[in-house]
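J.: Output the structure for:
(one chain, ligands or ions: 2)
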Amino acid sequence: MQLFVDVILPLPLASYYTYSVPQEYEGYIAIGCRVTVPLGKSKHYTALVARVHNEPPQGYEVKTITELLDETAIVLPSQMRLWEWISKYYMCSLGEIYKAAVPQGLKGEFKPKTEQRIKLSKRYSDTIAINLAEQFLSRAPRQKRLLNTFLQLTKEGEEISRHKLIEAAGVTANICKELVDKGIFEVYEVEIGRLDRTKGSIQPPNALNEAQQKALDEINESFAQKNVTLLHGVTSAGKTEVYIHLITQALERGEQVLYMLPEIALTKQIVERLRKVFGNRIGLYHSKFSDAERVEIWKKQLSDSPYDIILGVRSSLFLPLKNLGLIIVDEEHENSYKQQDPAPRYNARNAAIVLASQFGAKTLLGTATPSVESYYNATTGKYGLVSLLTRYRSIQLPEISIIDIKDLAHRKQMTGAFSDPLTDAMKEALANKKQIILFQNRRGYAPLLECRNCGWVPRCKHCDVSLTLHKSAGKLTCHYCGYTIPAPKICPNCEENNFVNLGYGTEKIEDDLQNLFPEARIARMDLDTTRTRTSYEKIINDFQQGETDILIGTQMVSKGLDFDNVEVVGILNADTLLNYPDFRANERAFQLISQVAGRAGRKYGRGKVFLQTKQPDAPIMPHIIDNSFLNFYNNQLSERMLFHYPPFYRLVYVYLKHREIHTLEECSELMGVRMRETFGHRVLGPDLPPVARVQQLFIRKIVLKVENNLSQYKINDALNKLQQEILSNSRYKSVAIYYDVDPL
Ligand SMILES: [Zn+2]
Ligand SMILES: [Zn+2]
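T.: Ligands and ions are numbered 1, 2, ... in the order given. Take a look at the predicted model:
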């Protein structure tokens, strides 16, 4: 009987495509294998087999697969189960998930990286070898040196990398070969992960303090009842130690653990801590890894000896796992868990909970500043809640001062972006050899360049935004599409040279600061200074070693960094956070400010935080000063209920994009009308999003707010039907429509 396969193509297609299977592949082809298939007149794609069956498709002539690429499945049924949920819930195609989830290079022959190791031949113990060196090698000084180096660097029975040994002994490879030929050394190849770089030996987990132990016990009790538990632990409470004990317990049960972080590059300290306890049982999965490294870890997870622990960013959710028992989502409030563009626009925290439940595993969400949604779920019984509110070694919370910069500007007590109280505190800290962190949420030099003469402002050619000045590069750049032009010398409109820089980017802050404190050693951490994998680490390392006095940065400085010597933290302009046009602006501001403030005064004495704002009376301020999450949360919750926002309502943003504005406007109006017929008053818009044109495409947005108890799948079905109907009109068929479910 003829065999057919339904395949997932790496394209935004709504359904599977069916192909016939040549006889030579029968008995080999299986779900989760990749195949090359023809599509259209001349294209070929690497597709993934989702079904194998004997039902010939009706109504068209079926094509045949060109090649079977895998002998065994490279995607497990458990992975496909997650893909299906993401596709259904977040309204994207399986092809888009396939493209995002599976590393590109995962095809053809795979050669793991190996290393040559040296050990003593079985005939020799260390003592025999020492005698040997003395007696028989006295006329071969370089061989003797190599053997002695080996004995120094290893303990009884240990092995060492051949390369390292030769380097340490300062001899040539030939000398090593001579010892191998004499039967003293044995050389052999071992497969090494590119990711394994463990140094030092493995240590048992630290003993927990009383508060940590209590939290651990409560988490275990909670897991007996609930699948998800929220651990609300203040900064410096030692959450990581609690995680380590939970991981140890899971490993003892023979389970795999997925430990998710919003951004690994920024949490080197956590990685190092875990490596000390779990050594090579941990695999990292990183946004800055090369495709080859991704392939390697993917293959390892499919093998018989997978990593027991995966430490990774949101995409680590897509790795093959066979025996998942626990997922830890650290910093669960972070919005980088949400993929914005391109599809799949999924929230990795929420998808992790689904993945865990598919395995019958548990999920722990951890944070110092819970998201309103998670805290709501934890206090209404959907999740368990465990609090860890005692700071480790009774480190004091910093003292937070709200600085009214509008008032100080009137009284001429501002120097550029720095208020006098902040400047004084920085002076004192520098004099006392303490460190300073400054937070400014804008990169570049000046967010706005303006001609003083005629008011001309440079704008992006492709997007509806002004360009940001990057002074040291001498360029103006669009932060949406990357469009870059040289900074103009004269105004193209009036030909005068009379520009003014408006606003402060991190680059300008750095410049001004260097003028203010010429002696200080200053570093900047933002997207522009951290393009390479090692640049983050260098900036963090230098600061940790005390080689930098002042660290300026965007929200990168808020994340997961523990520095002992920071006395002053300055938040230069809280208004950019507070004025952000989104119902979550206050939540974000509270989280970010608490996290940044938490960097101050961690070991010696109480740190000082200066919060500069033009809105000192904003309702959020008292909660920030008191570090009162609960009051803040209760206040947010009543607002959310009043204005129909999550957690009481779910949001779906419908985006429409097109090159031609009239077509787009007509189509958006029609979509809005149709949606209202189905969803009534729950529909808002179409409206212009804050940036209404990006990369030549005009954008409109329709907001759908639905009650929490309505089925998301039914809503999605209705939206899909509407979309099909609208796009079937030839006038609109080139309009791109896509959805952002549970947007952040
Ligand atoms: Zn001008
Ligand atoms: Zn642009």
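
J.: For the stretch 501-650 of the chain, which residue gets nearest to ligand 2?
T.: Closest to ligand 2 within the stretch 501-650 of the chain is residue 527: 15.4 Å, counting by Cβ to the ion. Using the backbone N, CA and C atoms, a C-beta is placed for each residue, glycine as well.

J.: The nearest residue to that residue once chain neighbours are set aside and residue 556, how far apart?
T.: Excluding the flanking residues, the one nearest residue 527 by Cβ to Cβ, 6 or more residues apart in numbering is residue 443, at 5.6 Å. Distance from residue 443 to residue 556, counting by Cβ to Cβ, to the nearest Å: 10 Å.

J.: still on that earlier bit, kindly confirm my reading that the residue of the stretch 501-650 of the chain closest to ligand 2 is in a strand.
T.: No - under DSSP: H, G, I helix; E, B strand; the rest coil, residue 527 falls outside any strand and is assigned coil.

J.: hey, C-alpha coordinates of the lowest-mean-pLDDT helix or strand in the chain in PDB?
T.: Among the helices and strands of the chain, helix 126-136 carries the lowest confidence by mean pLDDT, DSSP states H and E, at a mean of 74. What follows is helix 126-136, C-alpha atoms only, in PDB (Å, rounded to 0.1, in the frame of the first residue of the first chain):
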ATOM      1  CA  ASP A 126      51.400   7.100  40.500                       C
ATOM      2  CA  THR A 127      54.100   5.700  42.700                       C
ATOM      3  CA  ILE A 128      55.400   3.400  40.100                       C
ATOM      4  CA  ALA A 129      55.400   6.200  37.600                       C
ATOM      5  CA  ILE A 130      57.400   8.400  39.900                       C
ATOM      6  CA  ASN A 131      60.100   5.800  40.200                       C
ATOM      7  CA  LEU A 132      60.000   5.300  36.500                       C
ATOM      8  CA  ALA A 133      60.500   9.000  35.900                       C
ATOM      9  CA  GLU A 134      63.500   8.900  38.200                       C
ATOM     10  CA  GLN A 135      65.200   5.800  36.900                       C
ATOM     11  CA  PHE A 136      64.400   5.300  33.300                       C
END
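
J.: can I assume residue 610 sits in a strand?
T.: Yes - Residue 610 sits within a strand when classified using three-state DSSP.

J.: which parts of this structure sit against ligand 1?
T.: For the chain, the residues in contact with ligand 1 (Cβ under 5 Å from the ion) are 451, 453-454, 456, 491, 493-494.

J.: Ligand 2: which of these is nearest?
T.: residue 456 (17.7 Å).

J.: mind checking the SS state of the closest one?
T.: Per three-state DSSP, residue 456 ends up coil.

J.: okay, now it: neighbour count?
T.: If you count neighbours by other Cβ atoms under 10 Å, residue 456 ends up with 17.

J.: Might you report the residue contacts of the residue nearest to it when sequence neighbours are not counted?
T.: What sits nearest to residue 456 in space, not counting adjacent residues and going by Cβ to Cβ, 6+ apart, is residue 493, at 4.0 Å. Residues near residue 493 by Cβ atoms under 8 Å, 6 or more residues apart in numbering: 451, 454, 456.

J.: so can I have CSV of those showing distance to residue 141?
T.: Shown next, in CSV, are those (distance: Cβ to Cβ, whole Å):
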residue, distance to residue 141
451, 76
454, 81
456, 77
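
J.: Roughly how far does the residue in the stretch 301-450 of the chain that ligand 1 sits nearest to sit from residue 178?
T.: For the stretch 301-450 of the chain, the residue closest to ligand 1 is residue 450, as judged by Cβ to the ion, at 8.7 Å. Distance of residue 450 to residue 178, computed by Cβ to Cβ: 74 Å.

J.: Give me the domain ranges for this protein.
T.: Domain assignment for the chain by automatic domain parsing gives 3-101, 114-191, 210-392, 395-443+504-639, 448-502, 649-741.

J.: count of residues packed around residue 670?
T.: Residues near residue 670, counting by other Cβ under 10 Å, number 19.

J.: ditto for the one 5 residues further on
T.: Residue neighbour count, defined by other Cβ under 10 Å, stands at 23 for residue 675.

J.: That one: what secondary structure?
T.: Residue 675 ends up helix, using three-state DSSP.

J.: Now do the contacts for it.
T.: By Cβ under 8 Å, 6+ apart, the residues touching residue 675 are 654, 683, 702, 704, 719, 722.

J.: which one of these is nearest residue 244?
T.: residue 704 (42.4 Å; Cβ to Cβ).

J.: What pairs with the helix or strand where the closest one lies, parallel or antiparallel?
T.: Assigned by DSSP states H and E, residue 704 falls within strand 697-707. Sheet pairing for strand 697-707, assigned by DSSP bridges, gives strand 649-658 (antiparallel), strand 683-687 (antiparallel), strand 693-694 (antiparallel).

J.: so for the last one, what's the average pLDDT?
T.: Going back to what we said before, that points to strand 693-694. Averaging pLDDT along strand 693-694 yields 92.

J.: How about it and ligand 2, touching?
T.: No - figure legend: strand 693-694 not in contact with ligand 2 (Cβ under 5 Å from the ion); closest approach 6.4 Å.

J.: can you give me the strands in the stretch 201-350 of the chain?
T.: For the stretch 201-350 of the chain, the strands defined by DSSP state E, counting those that start in this stretch cover 228-233, 256-260, 282-285, 309-312, 324-330.

J.: Which neighbouring elements make contact with the second one?
T.: Secondary-structure packing of strand 256-260 (3 or more Cβ pairs under 8 Å, 6 or more residues apart in numbering; DSSP states H and E): helix 239-252, strand 309-312, strand 324-330, helix 348-359.

J.: Just the CA coordinates for it, please, in CSV.
T.: C-alpha atoms of strand 256-260 as CSV (Å, rounded to 0.1, in the frame of the first residue of the first chain):
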residue,chain,number,x,y,z
GLN,A,256,15.2,16.3,34.3
VAL,A,257,15.0,19.9,35.2
LEU,A,258,14.5,22.9,33.0
TYR,A,259,15.8,26.2,34.7
MET,A,260,14.7,29.2,32.7
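
J.: now what about it, what contacts it?
T.: Around strand 256-260, the neighbours that count as contacts under Cβ under 8 Å, 6+ apart are 243, 247, 250-251, 274, 306-314, 316-317, 319, 321-330, 337, 348-349, 352, 355.

J.: Narrow these to just the buried residues.
T.: Neighbour-count burial (16 or more other Cβ atoms under 10 Å) is assigned, among the contacts of strand 256-260, to 243, 247, 250-251, 274, 306-314, 316-317, 319, 321, 324-330, 337, 348-349, 352, 355.

J.: least reliable of the strands of the stretch 201-350 of the chain going by mean pLDDT?
T.: Comparing mean pLDDT across these, the lowest value falls on strand 282-285: a mean of 90.

J.: Neighbouring strands - and their directions - for that strand?
T.: For strand 282-285, the paired strands and their directions (DSSP bridges) are strand 309-312 (parallel).

J.: low-scoring stretches of the chain, by residue?
T.: Applying pLDDT under 70 to the chain picks out residues 107-113, 133, 191-201, 265-266, 392-395, 533, 560, 601-604.

J.: and with 50 instead?
T.: Where the chain drops to pLDDT under 50, the residues are 108-109, 195-198.

J.: quick revisit: beyond the strand holding residue 704, next helix or strand please.
T.: Helices and strands here follow DSSP H and E; after strand 697-707, the next one along the chain is helix 712-727.

J.: Please name every helix or strand in contact with that following helix.
T.: Applying 3+ Cβ pairs under 8 Å, 6+ apart, one finds that helix 712-727 contacts helix 77-90, strand 649-658, helix 661-679, strand 697-707, strand 736-741.

J.: quick check: angle from the first one to strand 324-330?
T.: This means helix 77-90. With axes from the mean of the first three to the mean of the last three Cα atoms, to 10 degrees defining the directions, helix 77-90 sits at 40 degrees from strand 324-330.

J.: Check the fourth one too.
T.: Counting by the same axes, to 10 degrees, strand 697-707 points 110 degrees away from the direction of strand 324-330.
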